[in-house]
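Enquirer: Here's my sequence, what's the structure:
(chains A and B)
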Amino acid sequence: EAQVTQNPRYLITVTGKKLTVTCSQNMNHEYMSWYRQDPGLGLRQIYYSMNVEVTDKGDVPEGYKVSRKEKRNFPLILESPSPNQTSLYFCASSSDPGSNQPQHFGDGTRLSIL
Amino acid sequence: AQKITQTQPGMFVQEKEAVTLDCTYDTSDQSYGLFWYKQPSSGEMIFLIYQGSYDEQNATEGRYSLNFQKARKSTNLVISASQLGDSAMYFCAIASSGTYKYIFGTGTRLKVLA
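Expert: Presented below is the predicted three-dimensional model:
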């Protein structure tokens, strides 16, 4: 089954404790992306990657890091999480962004930073 | 910079009636794609329909259709014969073919009444 898998689905942690949210896709997509969703703000793009070792900033990259060492994986790293990073996070992938190929989304990761 | 505006935070529609969700955008790019996604209360993001900037025909997918007015920079989603399962949050998004950045609107919450 074609899918984007995020882990964990839920995480409660404390300020300053480094965490990683993993994202993996099995569709051989070149494009992958991370979003955060906050009430009233919709989805905002954090980082995206057009291929292995190619990443670029979205609209809200501050406080986040990503890496794309393999095509299928695109982890999101919070080196020193803060309460304002409490949010719902989505990973997505696409074969050809900007064309008629839509993004496929993971089920989301709800992150709470205390 | 690209921008998406969804001016209707919430809407109600009677079951079996049609409803139009508004979306306007701003971009200086000539080549771009417009997407609509549905997010039910369970949280997943479901792709509905796509319109390319060079498409001359309005996109249709089953009960979903777009009223694409390029000169006015609007791409309104029309849902015909609304069903209770259509109750969800709906997001409009734009992706530039050049930068591959995605911008989402703040969403419209639709409630279908029995």
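Enquirer: residues touching B:L66, list them.
Expert: B:34, B:36, B:49, B:51, B:58-60, B:75-78 (CB atoms under 8 Å, 6 or more residues apart in numbering or on different chains). For glycine as for every other residue, the C-beta is placed from the backbone atoms N, C-alpha and C.
Enquirer: try 10 Å
Expert: Counting by CB atoms under 10 Å, 6 or more residues apart in numbering or on different chains, B:L66 touches B:23, B:34, B:36, B:48-51, B:55, B:57-60, B:74-78, B:92.
Enquirer: What subset of the residues you listed is buried?
Expert: The neighbour-count test (16 or more other CB atoms under 10 Å in any protein chain shown) marks B:23, B:34, B:36, B:48-51, B:59, B:74-78, B:92 as buried among the contacts of B:L66.
Enquirer: from those residues, which is closest to chain A?
Expert: Nearest to chain A among the buried ones among the contacts of B:L66, counting by CB to the nearest CB, is B:Y50 at 4.7 Å.
Enquirer: Look at that closest one and give its secondary structure.
Expert: strand (DSSP: H, G, I helix; E, B strand; the rest coil).
Enquirer: Quick check: nearest residue in space to it, chain neighbours excluded?
Expert: In space, and not counting its chain neighbours, B:Y50 is closest to A:N100: 4.7 Å by CB to CB, 6 or more residues apart in numbering or on different chains.
Enquirer: Just give the number of residues close to residue 1.
Expert: Using chain A here. When neighbours are counted by other CB atoms under 10 Å in any protein chain shown, A:E1 registers 3.
Enquirer: switch to chain B, that's the one I care about
Expert: So B:A1, with other CB under 10 Å, has 8 neighbours.
Enquirer: Brilliant, that's me finished.
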